[in-house]
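> Show me the folded form of this:
(chains A and B)
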Amino acid sequence: MRLSRSAKTILGIMTALVLLFIYAPLLLVVVNSFNADRTFGWPPKGFTLEWWGRAFDSEGVREALVNSLWVAVVSTVISLILGTMLAMALQRYKFFGRDVVNLLVILPIALPGIVTGIALNNMFTTILGVSLSMWTVIIAHATFCMVTVFNNVIARLRRMNGRLEEASADLGAGVFTTFRLVTFPQLRSALLAGGLLAFALSFDEIIVTTFTIGAGDTTLPIWILQNLFRPNQAPVVNVVAVVLIVVSIVPIWLAQRLSADSVGISAGRARARAAVK
Amino acid sequence: MALQISQPGADPGPGNAPVPRAKRNSFSALLNRSPNIRLAGLLAAPAGWLVLVCIAALAALLITALWTVDTFTGKVSQTWTVDNILQVVTDPVYQTITLRTIWIALAVTLIDVVIAIPISFFIAKVATARWQKLLVVAVLMPLWASYLVKAYAWRNVLAEGGLLEWLGTPVGLNSPGYSESAVILTLAYIWLPYMILPIHAGFEKVPDSLLEASSDLGAKPWNTMRLVMLPILVPSIIAGTIFTFSLSLGDYITAQIVGGTTQMLGTVVYANVGAANNLPFASAVSLIPIVIIMIYLFVVRRTGALNNL
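Numbers count the residues shown, from 1 in each chain, chains lettered A, B, ... in the order given. Predicted coordinates:
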């Protein structure tokens, strides 16, 4: 198919416009965090650092930030352990019900967040009678974080040479020694990348969080949602939103540099679903 | 932990090799001898977690939809009833909300298809190899920015006196403000990368030689597009619509942030979990998007789209 020059140019311009459409709103949030006008009037009449200062001084923001970091770190650690075990089981063994487990892994992210959210809320409050807290949030987050770790580790395991481990066992190393000295070093960068992705996913998750968090507890996204409709908080919300963008994008960028596998994962849910096949 | 399963014969049998470490640690030796125990050890914790948190929770959701709330104590009482489900299906209020939600999801899907096709075509077939990589990354990157922040960004864009009004006024266009159109626009924005990805992958699968053959045989670009490319692309397009459609169906945050008074199914679920404290009814409502998605998946299953997910 030979496209005329003008057709190519038109397509190029359209692509540029769509990229502008994708990035402009995010850039606007960044610009507005310095906008002196507190109602986001455009174009900005002046710039100020006042909102950033107020965000740093705000007790609520600091508490939410600490909570978000705590939840993200704990659920990342849990998901690293469980995700790796699951990947090793599914990649290295053939067993009855393997396909079912394979499908089960995808479920937490294949369902709309609201369904996962209300299902967990219902299980905690109605069925188990547990009161909601930061721990219920961690359980929920660890569940979908496990999937990203699983994806990263299983991609690495597929490419790894199993003979090294066989050699290690033949030479007399025990199961745990072989894992520590042979398997783990080969998995290290995949685990780091998977862990960073899990951290980023957990740090800015909102839908499942709103259904599993206790009354009075906040994470950064919950703080944004609570203060969104208070006009005098609007500029500070903007600052927190910028923090959220940066803290979730930087780990992803690092993960992509660390591991080629995670480039595939960078499509997030889209890619996770590809594993259903 | 998991080793050499491909060749069980490679196991150094008990008392076979001089294995000081394995002997010192009898647990390790046990694992070494039995692949089944190794597998069970690996699988028990994560699979148990998933069964408990996913399967059990979903089953419980279905059951709770059949319970009711004691109007006096406000607690869930385990009396079996189909009233919740009947009310959701027959009450005109919920019928309207269901239809509106489906309409929003369809509109979002259509907008994303129309935008994604030319863009993916340009990235896959027109751009040079170097640009291709850069453009794919450029499209992927915002996928990772928080969903909440993206919805919030549109609150900025749509604000009174904000960017959209400033852009629109000179050409005589009004900003939709916070409304149903705003929800459609914002959701189309948020899910666009999920549509571009599969369609781009679809275009990459179309061999260039096929397009050259078509034009050598005298087809104009438009005919090549319509008669050669489109049939190959259909499964990829449908794969993309599964994302945009099902993700839009379950949304409530966007409706809350830019929707003004617009109610979607998710809004109803959220209100019944929080303020109204009627979990059985919320469960019943949440079954609607699940059923719609199941039906949609069932309908498109034959196109082979599920293999393109």
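> only C-alpha atoms for contact and neighbour calcs from this point on.
Noted.
> where in the chain is pLDDT low?
The chain I'm using is chain A. Residues of chain A meeting the criterion pLDDT under 70: A:1-2, A:39-41, A:106, A:109-110, A:259-277.
> nope, chain B please
In chain B (pLDDT under 70), the answer is B:1-25, B:74, B:275, B:304-309.
> Strands of that one, start to end?
Assigned strands in chain B, in chain order: B:68-69, B:76-77 (criterion: DSSP state E).
> I'd like those strands laid out as TSV, including mean neighbour count.
TSV is the format used below for these (neighbours: other Cα atoms under 10 Å in any protein chain shown):
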stretch	mean neighbour count
strand B:68-69	20
strand B:76-77	17
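> Between those, which one is closest to chain A.
Closest to chain A of the strands of chain B is strand B:76-77 (Cα to the nearest Cα; 7.1 Å).
> and the closest one, what does it pack onto?
strand B:68-69 (3 or more Cα pairs under 8 Å, 6 or more residues apart in numbering or on different chains; DSSP states H and E).
> Which elements pack onto the helix or strand hosting residue A:168?
Assigned by DSSP states H and E, residue A:168 falls within helix A:162-170. Judged by 3+ Cα pairs under 8 Å, 6+ apart, the packing partners of helix A:162-170 are helix A:175-178.
> Touching stretch B:103-123 from outside, list them.
A:8, A:11-12, A:14-15, A:18, B:131-132, B:135-136, B:183-185, B:187-188, B:191-192, B:195-197, B:199-200, B:203, B:237, B:241, B:244-246, B:248-249 (Cα atoms under 8 Å, 6 or more residues apart in numbering or on different chains).
> ok, now how distant is residue B:104 from chain A?
Residue B:104 sits 16 Å away from chain A when distances are taken as Cα to the nearest Cα, to the nearest Å.
> Next: residue B:52.
As judged by Cα to the nearest Cα, residue B:52 and chain A stand 10 Å apart.
> For that residue, give me its contacts.
The contact partners of residue B:52, taken as Cα under 8 Å, 6+ apart, number zero.
> The one 5 residues further on too?
Applying Cα under 8 Å, 6+ apart, we find residue B:57 in contact with A:119, A:120, A:122, A:123.
> Now the second one. Nearest residue, chain neighbours left out?
Nearest residue to residue A:120 in three dimensions, chain neighbours excluded: residue B:57, at 5.8 Å (Cα to Cα, 6 or more residues apart in numbering or on different chains).
> cool, and the last one?
If the residues on either side of it in the chain are set aside, residue A:123 comes closest to residue B:57, at 5.5 Å by Cα to Cα, 6+ apart.
> before we move on, the earlier item: what subset of the contacts of residue B:57 is buried?
A:119, A:120, A:122, A:123 (16 or more other Cα atoms under 10 Å in any protein chain shown).
> Just the element for the third one, please.
Put plainly, it is residue A:122. helix A:113-122.
> Identify each buried residue in whichever helix or strand comes after that helix, please.
Toward the C-terminus, helix A:113-122 is succeeded by helix A:134-159 as the next helix or strand (DSSP H and E). Of the residues in helix A:134-159, A:134-157 count as buried by neighbour count, 16+ other Cα under 10 Å.
> From the contact counts, what lies against helix A:134-159?
Secondary-structure packing of helix A:134-159 (3+ Cα pairs under 8 Å, 6+ apart): helix A:59-92, helix A:98-110, helix A:184-203, helix A:207-212, helix A:260-265, helix A:269-274.
> Contacts for the third one, please.
What that stands for is helix A:184-203. A:68-69, A:71-73, A:75-77, A:79-80, A:141, A:145-146, A:148-153, A:156-157, A:160, A:244, A:247-249, A:251-252, A:254-256, A:258-259, A:261-262, B:144.
> so that helix versus helix A:59-92, what angle?
Taking axes from the mean of the first three to the mean of the last three Cα atoms, to 10 degrees, one finds helix A:184-203 and helix A:59-92 inclined to each other by 140 degrees.
> what angle do helix A:184-203 and helix A:134-159 make?
Using the same axes, to 10 degrees: helix A:184-203 against helix A:134-159 is 140 degrees.
> count of neighbours near residue A:71?
Using other Cα atoms under 10 Å in any protein chain shown, residue A:71 has 23 neighbouring residues.
> so it makes contact with residue A:137?
Yes - judged on Cα atoms under 8 Å, residue A:71 makes contact with residue A:137 at a distance of 7.3 Å.
> For residue B:48, grab the count of nearby residues.
For residue B:48, using other Cα under 10 Å, the count is 11.
> how near is it to residue B:62?
20 Å (Cα to Cα, to the nearest Å).
> Okay, the closest residue to residue A:183 other than its chain neighbours and residue B:48: tell me how far apart.
Closest residue to residue A:183 apart from its sequence neighbours, by Cα to Cα, 6+ apart: residue A:165 at 7.0 Å. Separation of residue A:165 from residue B:48 (Cα to Cα) stands at 27 Å.
> Over to residue A:27?
Applying Cα to Cα, the value for residue A:27 to residue B:48 is 43 Å.
> Could you do residue B:157 as well?
Distance, residue B:157 to residue B:48, by Cα to Cα: 45 Å.
> How about residue B:153?
Per Cα to Cα, residue B:153 is found 39 Å from residue B:48.
> Repeat that for residue B:73.
35 Å.
> If we look just around chain A, which residues of the stretch 151-300 of chain B are in range?
B:153-154, B:156-157, B:159-163, B:166, B:189, B:194, B:197, B:211-215, B:220-221, B:224, B:243, B:246-247, B:250-251, B:253, B:266, B:273, B:279, B:282-283, B:286, B:290 (Cα under 8 Å from any Cα of the partner chain).
> Alright, I will stop here.
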